[in-house]
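A.B. asks: predicted coordinates and the sequence they were generated for:
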Amino acid sequence: MEPKDRALYLRWNVFLSVNVYEGILRQCYPQRYFDPLEDEEMNAKLSVSVKTSAKKRVHEAFWFLENHVIKEKGDFLLSSKLSGCDIYMAMLYAWHNKKADLPKCTEITRRVATHELIQSIWKRNFHDRLDYKWHELSPS
């Protein structure tokens, strides 16, 4: 891997970890992000607030990738070749669920999930956990 390519790979993996994965954790475990109060009703409201803001932040991060990073002609996030960055982004995007306003992220996730090296692994790990069966789509 060329130094320029390595730098981009690291940059976008860090971006995904900080902006997307962390937001997904806040959606799944909102109670970790505030000190519980004695008032259970207020805890429930805080939990909903944390989840809502996290979901918005995750979507904004994918929107940024969609509109400023993913190239029109590229098959994947960084180039025409599959990388670990694509696999990581696809997993996170699948957890975020398919969104109509993110067609490039959707297409990359489909390409990853149906890639000959990934499809069986995706099926084994996600078939029963995701509503959308990415690995059952037609490969590109």
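C.D. replies: Looks like it came in fine.

A.B. asks: how about the nearest residue to residue 96 once chain neighbours are set aside, secondary structure?
C.D. replies: Nearest residue to residue 96, sequence neighbours excluded (Cβ to Cβ, 6 or more residues apart in numbering): residue 58, at 5.6 Å. Placement of C-beta: from N, CA and C, glycine included. With DSSP: H, G, I helix; E, B strand; the rest coil as the basis, the three-state label of residue 58 is helix.

A.B. asks: distance of residue 58 from residue 52?
C.D. replies: 11 Å (Cβ to Cβ, to the nearest Å).

A.B. asks: who has more neighbours out of these two?
C.D. replies: residue 58 (22 against 13; other Cβ atoms under 10 Å).

A.B. asks: who's in contact with that one?
C.D. replies: For residue 58, the contacting residues are 19, 20, 23, 24, 27, 96, by Cβ atoms under 8 Å, 6 or more residues apart in numbering.

A.B. asks: can I assume the last one is in contact with residue 60?
C.D. replies: No - counting by Cβ atoms under 8 Å, residue 96 does not reach residue 60; the two are 11.2 Å apart.

A.B. asks: and the two? which has more neighbours close in?
C.D. replies: For residue 96 and residue 60, the more surrounded residue by other Cβ under 10 Å is residue 96, and the numbers stand at 20 against 12.

A.B. asks: just to confirm, which helix or strand has the residue lying farthest from the centre of the chain in it?
C.D. replies: The C-alpha centroid of the chain is most remote from residue 38, which lies 34.4 Å away (Cα atoms, centre = their mean). Following DSSP states H and E, there is no helix or strand that holds residue 38.

A.B. asks: what's the pLDDT at it?
C.D. replies: On pLDDT, residue 38 comes in at 94.

A.B. asks: cool, and the one 4 residues further on?
C.D. replies: Residue 42 is assigned a predicted lDDT (pLDDT) of 95.

A.B. asks: give the burial count for it, as a bare number.
C.D. replies: As a burial measure, residue 42 scores 12 neighbours (other Cβ under 10 Å).
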